[in-house]
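Enquirer: no sequence on this one, just coordinates:
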């Protein structure tokens, strides 16, 4: 298995309140990229929200390949958003991509 740091961009269509943002981060906290060497050295944030509602969520995922890691990241982030009150239409996601890889040989 390989540990991937995956970034998934998206947009909060109607903005996001601080309480909702904290709830999303709490739900994703077990997957915080700061648990990886890359996340710690690069000071990666779990959730970054820009003006206009654009955001990037970065999480750690263990998977056998890149495609599986990206798919799992999208599922985990979608679930955290939905459980925090953001259905897909209110927080659509863009394509996931690999930010870093930490292989154990």
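Expert: That came through fine. Everything numeric in this text was worked out from a predicted model, so none of it was measured. Numbers count the residues shown, from 1 in each chain.

Enquirer: CA atoms for contacts and neighbours, from now on please.
Expert: Will do.

Enquirer: Quick one: low-confidence residue ranges for this structure.
Expert: Residues of the chain that meet the criterion pLDDT under 70 lie in 37-42, 103-105.

Enquirer: what's the following helix or strand after the longest helix anywhere in it?
Expert: Across the chain, the longest stretch assigned as helix under DSSP state H is helix 66-83. Beyond helix 66-83 on the C-terminal side, the first helix or strand identified by DSSP states H and E is strand 97-103.

Enquirer: Not counting its own residues, what contacts that following strand?
Expert: Outside of strand 97-103, the residues within contact range by Cα atoms under 8 Å, 6 or more residues apart in numbering are 1-8, 36-38, 66, 70.

Enquirer: If we use 7 Å, what do you get?
Expert: 2, 3, 4, 5, 6, 7, 8, 38, 70 (Cα atoms under 7 Å, 6 or more residues apart in numbering).

Enquirer: who touches the longest helix of the chain?
Expert: If you take Cα under 7 Å, 6+ apart as the criterion, helix 66-83 is touched by 4, 6, 8, 24, 27-28, 59, 61-63, 87, 96-97.

Enquirer: ok so, going back, and the contacts of strand 97-103, which is closest to residue 19?
Expert: residue 8 (20.8 Å; Cα to Cα).

Enquirer: which stretch of helix or strand covers residue 55?
Expert: Using DSSP H and E, residue 55 sits in strand 54-63.

Enquirer: buried sites along that strand?
Expert: Neighbour counts over strand 54-63 (16 or more other Cα atoms under 10 Å) mark 54, 55, 56, 57, 58, 59, 60, 61, 62, 63 as buried.

Enquirer: Check which helices and strands it sits against.
Expert: strand 2-11, strand 47-49, helix 66-83 (3 or more Cα pairs under 7 Å, 6 or more residues apart in numbering; DSSP states H and E).

Enquirer: just those: most buried one?
Expert: Neighbour counts (mean count of other Cα atoms under 10 Å) averaged over each of the helices and strands packed on strand 54-63 peak at strand 2-11, with a mean of 23.
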